[in-house]
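S.K.: This is the structure alone, sequence omitted:
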């Protein structure tokens, strides 16, 4: 799935792949019930994506990534059942929706149940049937500290979550942070992953 530097790597759609690095801002959605989600804007304060959490959707363990017009791009679910209860990992699955509302599974994220293990990264694979042994992307660092990076399987940086120094110096809440997406990578996929991280760490999408 991953192309060499300078090429597009569409996962949701090539329209979400930029030829240059792009910095987007994430803000917790204000004045809504718990689990309301967050909004992603560009440097001109235009909305690029919206993420609905369980307080909006009414379903725990389910998230929706939408485009600027509110159209659904990714439906994300946490996998349940007795097998997941006994596993050392929890699985999240991301589905694309077609014009008839049919779901197409496109990625699987493995969430370690214990975050006490040092350097225990989160893995993402694009072919869920082989998710137990292989991975295409991984997340390293601390999302709660707004200091984490998404890498591809070749070690290339896909995106970084960060708080700019000038914002940190003003002691602004971590409800406002930035995501730097590298050229060619799919922004919609990146924010699908960030939506899951947000939920894992009991933040804006969590009830």
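M.R.: In hand now; what should we look at? In this text, all values refer to a predicted model and were calculated from it rather than measured experimentally.

S.K.: On the C-terminal side of the lowest-mean-pLDDT helix or strand in the chain, identify the next helix or strand.
M.R.: The helix or strand of the chain with the poorest confidence is helix 82-86; it has a mean of 46 (mean pLDDT, DSSP states H and E). Tracing the chain past helix 82-86, the next element assigned as helix or strand by DSSP states H and E is strand 89-97.

S.K.: how far off strand 89-97 does the top helix by length along the chain point, in degrees?
M.R.: If you go by DSSP state H, the chain has its longest helix at helix 187-200. Helix 187-200 and strand 89-97 meet at an angle of 140 degrees, taking axes from the mean of the first three to the mean of the last three CA atoms, to 10 degrees as the criterion.

S.K.: So which bits of helix 187-200 are buried?
M.R.: Neighbour-count burial for helix 187-200 flags 187-200 (criterion: 16 or more other CB atoms under 10 Å). All C-beta spots, glycine's among them, are computed from the backbone N, C-alpha and C.

S.K.: Reformat those as JSON lines; add pLDDT and distance to residue 52.
M.R.: As requested, those are arranged in JSON lines below (pLDDT from 0 to 100; distance: CB to CB, whole Å):
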{"residue": "187", "pLDDT": "97", "distance to residue 52": "17"}
{"residue": "188", "pLDDT": "97", "distance to residue 52": "14"}
{"residue": "189", "pLDDT": "97", "distance to residue 52": "17"}
{"residue": "190", "pLDDT": "98", "distance to residue 52": "17"}
{"residue": "191", "pLDDT": "98", "distance to residue 52": "12"}
{"residue": "192", "pLDDT": "97", "distance to residue 52": "12"}
{"residue": "193", "pLDDT": "97", "distance to residue 52": "16"}
{"residue": "194", "pLDDT": "96", "distance to residue 52": "14"}
{"residue": "195", "pLDDT": "95", "distance to residue 52": "9"}
{"residue": "196", "pLDDT": "95", "distance to residue 52": "13"}
{"residue": "197", "pLDDT": "94", "distance to residue 52": "16"}
{"residue": "198", "pLDDT": "91", "distance to residue 52": "11"}
{"residue": "199", "pLDDT": "90", "distance to residue 52": "11"}
{"residue": "200", "pLDDT": "89", "distance to residue 52": "16"}
